[in-house]
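Student: Test case, fold it:
(chains A and B)
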Protein chains: 2
Amino acid sequence: MSVIYKRVALIGLGLIAGSMAHALRRGGLTDNIVGTARSAETRDIAREINLCDRVVDTAAEAVEGADLVVLAVPVGAMAAVAKEIAPHLKQGATVTDVGSVKQAVIDAVGPHIPEGVHFVPAHPMAGTEHSGPRSGFAELFENRWCLLVPVDGGDSDAVERLKSLWQAMGANVETMEPEHHDLVCAVTSHAPHLIAYTMVGVADDLRRVTDYEVVKFSAAGFRDFTRIAASDPTMWRDVFLNNKEATLEILGRFTEELFALQRAIRTGDGDLLHDYFTHTRAIRRGIIDAGQDTDAPDFGRGPKR
Amino acid sequence: MSVIYKRVALIGLGLIAGSMAHALRRGGLTDNIVGTARSAETRDIAREINLCDRVVDTAAEAVEGADLVVLAVPVGAMAAVAKEIAPHLKQGATVTDVGSVKQAVIDAVGPHIPEGVHFVPAHPMAGTEHSGPRSGFAELFENRWCLLVPVDGGDSDAVERLKSLWQAMGANVETMEPEHHDLVCAVTSHAPHLIAYTMVGVADDLRRVTDYEVVKFSAAGFRDFTRIAASDPTMWRDVFLNNKEATLEILGRFTEELFALQRAIRTGDGDLLHDYFTHTRAIRRGIIDAGQDTDAPDFGRGPKR
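Tutor: As a prediction, the model looks like this:
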C-alpha cells in the first residue's frame, strides 16, 4: 500500500487512536505520526512503547503541518480541542474525528474549522472493553464498519481520501446522515451499553447474592453484559450526554417492551413469551450471516485462553 | 476414567443431553446410553448421528434398567415425564435433571419418585444459543459450574456419585439450597436473558432503523445481546414461568436502576454516570480473574472464524 496522508496527527491516544497508529504503520499509509494526549502519563506511555513517531505536549503543536488531524478524544472534549487547534491547522488539511455521536460533534467542531480546511466526521464502529495507549492493535478495524458523516457542502475529494484510509486499515466504509447515524447507534450501541451497565450495577448491588457468586456463575448469561459494561467511563458518559434524545427514545421503547414481557411472566402467558423468543432468535442468524460474529459455540472462549 | 453408572438414560436429546452423551463416551463413564425424545424427528436425527447406543420411543422404555436417569426436558415438561417413568424406575437408581430452575423442578418431580430411588436435582450452568440433537459437544461443561441441589433427606452417596460424574465431564461442582439457587440464577442468567430478548425485540420493532442496519452494525454492542436472545424459546419460556418471583424481583430492581440512569442522562448528571460506569468496570475484571471469560480483544472473534 502507499502513503495516503504524509503526516497524521492523533489527538488523544486511547484505544482507537492507538489502533490507528498500529494500522497506519502496518499499511505504510503515512510517513509520519505525531501524537498527543491531555494526560502526561498517557504521553509518557506512548513514548515508551513508541506508539507514534513523535509525541508532543499540546494539540496545537501536534497539528502543525499535519495533512490529517484525528480527534480521538471523548465527545465532550471535542469543542475545546477544535478551538485550540484551529489557528494551527495547515491549509488543505482534513480534520476528522472518531466519536460515537455525530450531530453533537458536528455542532461542537464545525464552527471552529477555518476556511480551506476540510472537516469529515467519522465513526469507526469497533472497540473492546480496554482503553488507554497500550490497548490498541492493528487488527481492530478489520471487517468492522466505519461510518463517514460528511457535512453539508463538504469537499467530496476529502471524503474519498478519508474513505480510502479507513478501507486501507481494513474497515468497510459507508456514509450516513448525522441524525440517522445517531439513531442507528442508539439502537445498536448506546442503549445496549446503558442496559448492560444497569444490569451489572444491579447484580453488584444485591445483598442476598454475593459478588463472588455473581462472578463465579457469570457464564450463564451475565458475562456477556460485563464486557460492554467495562468500556471506558468517560467516553460513555459523553456519548449518553451527547446523544440524549435518541438514547432516551430507545430506552423508552425498551422499558415499554420489558413491562409487556414482565406482565406475561406474571400472568403466565407462555404463548406470548414463546412467540417473542422465537422471533428474536432469527435476528441472531442474520448477524452470523452478515459476518459480524462467529457461530462457534461459546464464541470459541475455552478455558484458559 | 472408569464407569460411574453402568446404564444411563437421557430423556430429551437437546444441547445438554447431547453434550452429556458425547462427554460420557469420551470419558468412558458409562457402558450404555439409552436416549429418547418426544419428537420423532429428534429421535431420528439422534439415531442417524449415533448419539446414543440405543434410541427408544418412550421415556418409560428408556429408563428400564437405568442406573442414572437424566431429565433433560424443558422445566414445564418435568412433571409429566416424572409421572410416566415412575413405575419403570429400577430400585437404587438415581434420577437427576438439568433444569435451570430448581424449586419448581423439585415440586414437580419429587412427589413422583418412588421409595428406593434417589432424586438429585442438578443444574449444569453451560449452554450455547444452539439447540437440538446436533448441537451437543463433549467440551460444553469444561470449566463450567454444575450446581447440585440435594433434596431434604436425600441419600448422600447418590449425591457424591452424581458429583463425581459431573466432575468427570469437566465441570466444577457445588451444592446449593433450591431457593438460593433460583435467586442466583435470576441475577446471573434469567434476568439477563429476558433483558437481552427485550433489547433484540425492540431493535427489530423499530421502523426508522432497518433490520439490515441493526444486523450490519451489531458489533458495536448489540451483538452481545443477540447471542443470548437466540437461546431455545421453549426452555426459556419455562424458566421464566417457573422462576417467576425471583426473576420479577430482579427485573424490578433493574427497572428502578435504569430509571435512575435515564434521569441522569436527561438532567445531564455526568458525574453520576461516570461513577456508575467506573464501578461496573471492576466487576468485569473479577470475571476474567475467575477464569470465566477471556481477556482477548473482541473475545478472539476475528473475521471469518
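
Student: Alpha carbons only: can I get stretch A:209-224 in CSV?
Tutor: Output of stretch A:209-224 as CSV, limited to C-alpha atoms (Å, rounded to 0.1, in the frame of the first residue of the first chain):
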residue,chain,number,x,y,z
VAL,A,209,-26.3,-12.7,46.2
THR,A,210,-22.7,-12.1,46.8
ASP,A,211,-20.3,-10.5,44.3
TYR,A,212,-18.4,-13.8,44.5
GLU,A,213,-21.4,-15.7,43.3
VAL,A,214,-22.2,-13.3,40.5
VAL,A,215,-18.7,-13.5,39.2
LYS,A,216,-18.4,-17.3,39.7
PHE,A,217,-21.7,-18.1,37.8
SER,A,218,-21.4,-15.4,35.2
ALA,A,219,-21.1,-17.7,32.3
ALA,A,220,-24.8,-18.3,32.4
GLY,A,221,-25.6,-15.1,30.6
PHE,A,222,-24.4,-12.2,32.8
ARG,A,223,-20.9,-12.4,31.4
ASP,A,224,-22.0,-11.1,28.1
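
Student: How about residues contacting it?
Tutor: A:199-200, A:203-204, A:206, A:226, B:125-127, B:144-145, B:183-185, B:187-190, B:192-193, B:196, B:224-225, B:227-228, B:283, B:286-287, B:290, B:292-293 (CB atoms under 8 Å, 6 or more residues apart in numbering or on different chains). The way it works is simple: take the backbone N, C-alpha and C, and place the C-beta from them, glycine included.

Student: Out of the residues you listed, which end up buried?
Tutor: Neighbour-count burial (16 or more other CB atoms under 10 Å in any protein chain shown) is assigned, among those, to A:199-200, A:203-204, A:206, A:226, B:125-127, B:144-145, B:183-185, B:187-190, B:192-193, B:196, B:224-225, B:227-228, B:283, B:286-287, B:292-293.

Student: Now intersect the contacts of stretch A:209-224 with the helices, please.
Tutor: A:199-200, A:203-204, A:226, B:183-185, B:192-193, B:196, B:224-225, B:227-228, B:283, B:286-287 (DSSP state H).

Student: Now do the strands in the stretch 151-300 of chain A.
Tutor: Applying DSSP state E, counting those that start in this stretch to the stretch 151-300 of chain A gives strands spanning A:172-175.

Student: From residue A:15, how far out is residue A:136?
Tutor: 6 Å (CB to CB, to the nearest Å).

Student: repeat for residue A:102
Tutor: 19 Å.

Student: tell me the contacts of residue A:237?
Tutor: A:74, A:76, B:270, B:273-274, B:277.

Student: and with 6 Å instead?
Tutor: B:270, B:273-274 (CB atoms under 6 Å, 6 or more residues apart in numbering or on different chains).

Student: Ramachandran coordinates for the residue in the stretch 1-150 of chain A that chain B sits nearest to?
Tutor: Distances between the stretch 1-150 of chain A and chain B by CB to the nearest CB are smallest at residue A:143, namely 3.5 Å. Phi and psi for residue A:143, reported as degrees, to the nearest 10, are phi 60, psi 20.

Student: That one: neighbouring residues, count only.
Tutor: Neighbours of residue A:143 under the rule other CB atoms under 10 Å in any protein chain shown: 16.

Student: Would you mind giving me the confidence score for residue A:204?
Tutor: Listed pLDDT for residue A:204 reads 79.

Student: can you check residue A:305 too?
Tutor: 29.

Student: what's the answer for residue A:139, then?
Tutor: 96.

Student: for it, what are its contacts?
Tutor: Per CB under 6 Å, 6+ apart, neighbours of residue A:139: none.

Student: any idea which element residue A:22 lies in?
Tutor: helix A:15-27 (DSSP states H and E).

Student: Give me the next element, helix or strand, following that helix.
Tutor: Next along from helix A:15-27, by DSSP H and E: strand A:30-36.

Student: ok, residue A:142 to residue A:136 distance?
Tutor: Taking CB to CB, one finds residue A:142 at 13 Å from residue A:136.

Student: more neighbours, these two?
Tutor: Taking neighbours as other CB under 10 Å, residue A:142 and residue A:136 compare with residue A:136 leading, 25 against 16.

Student: Quick check: that one touching residue A:18?
Tutor: Yes. Residue A:136 is within contact range of residue A:18, at 2.5 Å (criterion: CB atoms under 6 Å).

Student: shared neighbours of residue A:142 and residue A:136, which are they?
Tutor: Counting by CB under 6 Å, 6+ apart, nothing touches both residue A:142 and residue A:136.

Student: mind listing what's buried in the longest helix along chain A?
Tutor: Longest among the helix segments of chain A by residue count, using DSSP H, is helix A:244-267. By neighbour count on 16+ other CB under 10 Å, the buried set for helix A:244-267 is A:244, A:246-251, A:253-255, A:257-258, A:261-262, A:264-265.

Student: and chain B, which of those contact it?
Tutor: A:244, A:251, A:253-254, A:257-258, A:261-262, A:265 (CB under 6 Å from any CB of the partner chain).

Student: what's next to the helix holding residue A:22, contact-wise?
Tutor: Against helix A:15-27 from outside (CB under 6 Å, 6+ apart): A:1, A:10, A:30, A:33, A:51-52, A:72, A:98, A:131, A:133, A:135-138, A:140, A:168-169.

Student: Report the angle between that helix and strand A:30-36.
Tutor: Orientation of helix A:15-27 against strand A:30-36 (axes from the mean of the first three to the mean of the last three CA atoms, to 10 degrees) gives an angle of 160 degrees.

Student: quick check: mean pLDDT across helix A:15-27?
Tutor: On average, helix A:15-27 scores 98.

Student: In PDB, could you pull the C-alpha coordinates for it?
Tutor: Below are the C-alpha coordinates for helix A:15-27, written out as PDB (Å, rounded to 0.1, in the frame of the first residue of the first chain):
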ATOM      1  CA  LEU A  15      -7.800   2.500  22.100                       C
ATOM      2  CA  ILE A  16      -8.900   4.000  18.800                       C
ATOM      3  CA  ALA A  17      -6.000   6.300  18.100                       C
ATOM      4  CA  GLY A  18      -3.600   3.700  19.300                       C
ATOM      5  CA  SER A  19      -5.100   1.100  17.000                       C
ATOM      6  CA  MET A  20      -5.000   3.600  14.100                       C
ATOM      7  CA  ALA A  21      -1.200   4.200  14.800                       C
ATOM      8  CA  HIS A  22      -0.600   0.500  14.500                       C
ATOM      9  CA  ALA A  23      -2.800   0.100  11.400                       C
ATOM     10  CA  LEU A  24      -1.300   3.100   9.700                       C
ATOM     11  CA  ARG A  25       2.200   1.800  10.200                       C
ATOM     12  CA  ARG A  26       1.400  -1.700   9.200                       C
ATOM     13  CA  GLY A  27      -0.100  -0.500   5.900                       C
END
